[in-house]
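Visitor: need a structure here:
(2 chains)
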Amino acid sequence: MEKKVFERPKLLKKAVFHYCPGCGHSILHRLIAEIIEELDIAHKVVGVPPAGCAVLAYDYLDIDMGESPHGRCAAVATGIKRSLPDRVVFTYQGDGDIAAIGTAETIHAANRGENITTIFVNNGCYGMTGGQMAPTTLIGQNSSTTPGGRDYARDGAPIDLSEMLALTKGSVYIERTTVNSPANIRKTKRAITRAFKIQMAGLGFSLVEVLSPCPTNWKMNTVDSCKWIEETITKTYPLKVIKDTVGDKIQ
Amino acid sequence: MLMRGSHVIAESAIRAGCRFYAGYPITPQNELTEYMAGAMAKVSDATFIQAESEIAAINMVLGAAMTGARAMTSSSSPGLSLKQEGISFLAASELPAVIINTMRGGPGLGNIAPAQGDYFQATKGGGHGDYHSIVLAPASGQEQADLTVKAFECADRYRSPVIILIDGMMGQMMEPVILPEPIDPRSLPPKSYILNGASQRPSRFIKSLILDTRDMEEHNWKLQRKYESITRDLILHESYLTNDANLVVIAYGTAARIAKGAIKRVREMGLKVGLLRPISLYPFPKGAIVELSRIVKHFLVFEMSTGQMVEDVKLSLEGRSKVHFYGRPGGIISTPDEISKVISSLYYRQNLEEEQ
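Guide: Prediction:
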């Protein structure tokens, strides 16, 4: 008797991803589709994609989605969630979107304890526009606007947005994960699932920061990109639960 | 009921079914936000948020509009500059929202006195891209009540942002007003596009990114066709003593009230002067002006700016009649006496007494 052990998530539309080979977005889209299916919330979930590579998330995820101006996802999600408090509302944002142009919206949504979930995809660069320096670009890391590497004196340091958000009273769960290995992908899935469950219990602002490979703009192959996350990026952005005031209330 | 204008708009909005308001403090319109804070708290399904910025406020409205809520934000000139991103996205995504601009002296930080320098910004799009907002300009307390209701209706009907353009004079002035009957927003017809979870229906998305140039062109033409139908259906204006006029003043909002006072004065002197007051600024009452030009050869546009609406008057007339302009920018409020002197001076200079 054959048993199916792996299939395409039902909530992933039958479209070919436009993402570059080795990009983390495709993995994350799949995880989100799986999680929404497993939690059985497709009928009450609304997603807010950003400006950036993932703006086309609605081409892949078979759920209600409303596109936000660059950086304003948390404000748009606030408007949706406050109008429909019993729906599950999440934003999906890149590092430039959330940690540069959308810093204010994000910090204040967290501080208000907006009962939404944010998936923060950190690949250390502006991917869609061609790999410019992001607020999360590492010191010394090359980008199209930091030829020769990010220089602290000129460009400042990589921003610890998740840690900053953890300081707000309204945030209850913030974890940093990555999708550079099957084991880490499973951990990321657990983290996003937990974040959704926290929202469904009405407990407050939750965020999962996912370190994600961008082989195209890093000018590396996929294997090296995953290794670079493991060996280099996690030194600046360590994988950990940054804040969890929920504890055993959510398993 | 005797009420100040900003409170009239706030109360009328709630009565029109507004259930989401986000705003940021800015003078001279804080009374509106404060009224909303108090009044929305008494409505069980309503949300009031003091946003962290003007940009956040308009984007919260964008999100609320995606769920089908009647949503509103309000601000004053510099705040409207910040909101333009969201207004462009509302127009592009075809989402309804009501935006109040209590105009003040500008540019820059300017001052907080009544002015009309945001006409271009409001009527010509204001943000990036080919779009318009519907723009309504009340000139009394009662009209602020009536047009607030109309603004929500038009926003829903045309799935478009609607801007109500007033100034601190309109916002502060207290007049007796009959408030609209409250409606239950749940009694409004369902909206086919909203995001509330794909339950018993296919999933939806709302977006303004259209990468294919042909699709983007068609989306622009689609918006344009909508503006053409708005222009056919929605023009509002008031004509005052224009039947026998040799000279017609064109002014809106506070400036129109001042002009009316001036016209009463010059009429006592026997000057045949009327007023055409655009109530909808977009769509602009071009037809009414053209119609008047068959008899009236001189128009005087009066604005509390250096001259913005005057361009639309000239575009409407296409040289059919002479267009004169008088304006005081920077928050100066001309008196009816001042305007009556401008009118009479123009009237005699052009020898309009002889034009019978």
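Visitor: for B:Asp130, give its distance to B:Phe120.
Guide: From B:Asp130 across to B:Phe120, the span is 15 Å (CB to CB, to the nearest Å). C-beta coordinates here come from the backbone N, C-alpha and C atoms, glycine included.
Visitor: is chain B within reach of stretch A:50-59?
Guide: Yes - for stretch A:50-59, a contact with chain B is found by CB under 8 Å from any CB of the partner chain, at A:51, A:55-56, A:58.
Visitor: helices of the chain, residue ranges please.
Guide: Using chain A here. A:24-39, A:73-83, A:95-96, A:103-111, A:152-155, A:161-166, A:182-200, A:215-218, A:222-228, A:234-236 (DSSP state H).
Visitor: um, chain B though
Guide: B:5-15, B:30-40, B:54-66, B:77-92, B:119-123, B:141-158, B:168-172, B:213-233, B:253-268, B:286-293, B:309-317, B:336-349.
Visitor: chain A contacts on the stretch 51-200 of chain B?
Guide: Residues of the stretch 51-200 of chain B lying near chain A (CB under 8 Å from any CB): B:51-53, B:55-57, B:59-69, B:71, B:85-86, B:89, B:93, B:195-200.
Visitor: now the residues you listed: which count as buried?
Guide: For these, a neighbour count by 16 or more other CB atoms under 10 Å in any protein chain shown gives the buried set as B:51-53, B:55-57, B:59-69, B:71, B:85-86, B:89, B:93, B:195-198.
Visitor: where does the chain dip in pLDDT?
Guide: Defaulting to chain A. When residues are selected by pLDDT under 70, none of them lie in chain A.
Visitor: look at chain B instead
Guide: B:355-356.
Visitor: try 90
Guide: Low-confidence segments of chain B (pLDDT under 90): B:353-356.
Visitor: in chain A, which residue sits closest to chain B?
Guide: A:Gly79 (2.5 Å; CB to the nearest CB).
Visitor: can you pull the contacts of that residue?
Guide: Residues near A:Gly79 by CB atoms under 8 Å, 6 or more residues apart in numbering or on different chains: B:20, B:22, B:59-67, B:69, B:71.
Visitor: and the helices of chain A, which is most packed in?
Guide: Ranked by mean neighbour count under mean count of other CB atoms under 10 Å in any protein chain shown, the helices of chain A are led by helix A:73-83, which reaches a mean of 31.
Visitor: contact partners for the nearest residue to A:Arg87 once chain neighbours are set aside?
Guide: Distances taken as CB to CB, 6 or more residues apart in numbering or on different chains put A:Lys44 closest to A:Arg87, at 4.8 Å, once the chain neighbours are dropped. By CB under 8 Å, 6+ apart, A:Lys44 lies in contact with A:86-88, B:196-197, B:199.
Visitor: show me what from the stretch 1-150 of chain A comes close to chain B.
Guide: A:42-46, A:48, A:51, A:55-56, A:58, A:61-69, A:72, A:75-84, A:87-88, A:104-105, A:107-108, A:112.
Visitor: domains of chain B?
Guide: Here the domain parsing of chain B from automatic domain parsing is B:2-198+B:210-233, B:238-354.
Visitor: which of the ones you listed is buried the deepest?
Guide: domain B:2-198+B:210-233 (a mean of 21).
Visitor: what is the end-to-end distance of it?
Guide: The first residue of domain B:2-198+B:210-233 is 32 Å away from its last residue (CA to CA, to the nearest Å).
Visitor: now whatever residue of the stretch 51-200 of chain B ends up closest to chain A: closest residue in space that isn't a chain neighbour?
Guide: For the stretch 51-200 of chain B, the residue closest to chain A is B:Gly63, as judged by CB to the nearest CB, at 2.5 Å. Of all residues not flanking B:Gly63 in the chain, A:Gly79 sits nearest, at 2.5 Å (CB to CB, 6+ apart).
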